[in-house]
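**Student:** sequence plus the predicted model coming up.
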Amino acid sequence: MLNLKFSTYDLFKWKVVMPCYMSVYHDTLQCVEVPLLTDNTCLEACFFQMTENMICAGFMEGGKDSCQGHSGGPLVCDGELQGVVSWGHGCALRKKPGVYTEVCNYVSWIQNTMTSG
């Protein structure tokens, strides 16, 4: 389970998607701080498509988010990986937060996969 004492998480990305989905790639890694949202807010915003293996973060007013090309990117809190960019409705849209795989639910699988390799 996520440590909810932290209210914001860092999202890292190399690419910034502009309106009309024009992409700009940067030489330096980009970071945006996004707030973690409650389960109820996530369920309502994501048309009840959320599962217990997902978390969502972002600004309900829109403007900052992950987007196309960011899938697999890290959602980090206090230097610890908490989520992996998974999906969303559009990019940084109002009332449409980003959805992330909740990494803590997969720690055993990750460890088993790494040692069996």
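**Tutor:** Arrived safely, thanks for sending. What you see is a predicted model, and the numbers here were worked out from it, not measured in a lab. Numbers count the residues shown, from 1 in each chain.
**Student:** pull the number of nearby residues for R94.
**Tutor:** Other residues lying near R94 total 11 when counted by other Cβ atoms under 10 Å. No exception for glycine: its C-beta is placed from N, CA and C like everyone else's.
**Student:** gap between it and D65?
**Tutor:** To D65, R94 is 11 Å away according to Cβ to Cβ, to the nearest Å.
**Student:** likewise C46?
**Tutor:** On the measure of Cβ to Cβ, C46 and D65 end up 13 Å apart.
**Student:** looking at those two, which has the bigger crowd around it?
**Tutor:** Of the pair C46 and D65, D65 is the one with more neighbours under other Cβ under 10 Å, namely 23 against 20.
**Student:** you'd agree the more buried one is up against G88?
**Tutor:** Yes: judged on Cβ atoms under 8 Å, D65 makes contact with G88 at a distance of 6.6 Å.
**Student:** between the two, which contacts overlap?
**Tutor:** G58, K96, P97, G98 (Cβ atoms under 8 Å, 6 or more residues apart in numbering).
**Student:** low pLDDT regions in this protein?
**Tutor:** 1-7, 13-23, 117 (pLDDT under 70).
**Student:** export the longest strand seen in the chain to CSV, keeping only CA atoms.
**Tutor:** Selection of the longest strand in the chain by residue count, based on DSSP state E, yields strand 23-35. Presented in CSV, the C-alpha positions along strand 23-35 are these (Å, rounded to 0.1, in the frame of the first residue of the first chain):
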residue,chain,number,x,y,z
SER,A,23,6.3,15.7,-29.5
VAL,A,24,9.4,17.6,-28.4
TYR,A,25,12.3,15.5,-27.1
HIS,A,26,14.6,17.0,-24.5
ASP,A,27,18.3,16.3,-23.9
THR,A,28,17.7,16.5,-20.1
LEU,A,29,15.2,14.4,-18.2
GLN,A,30,12.0,16.3,-17.4
CYS,A,31,10.2,16.1,-14.0
VAL,A,32,6.8,17.2,-13.0
GLU,A,33,5.4,17.0,-9.5
VAL,A,34,1.8,15.6,-9.4
PRO,A,35,-0.5,15.0,-6.5
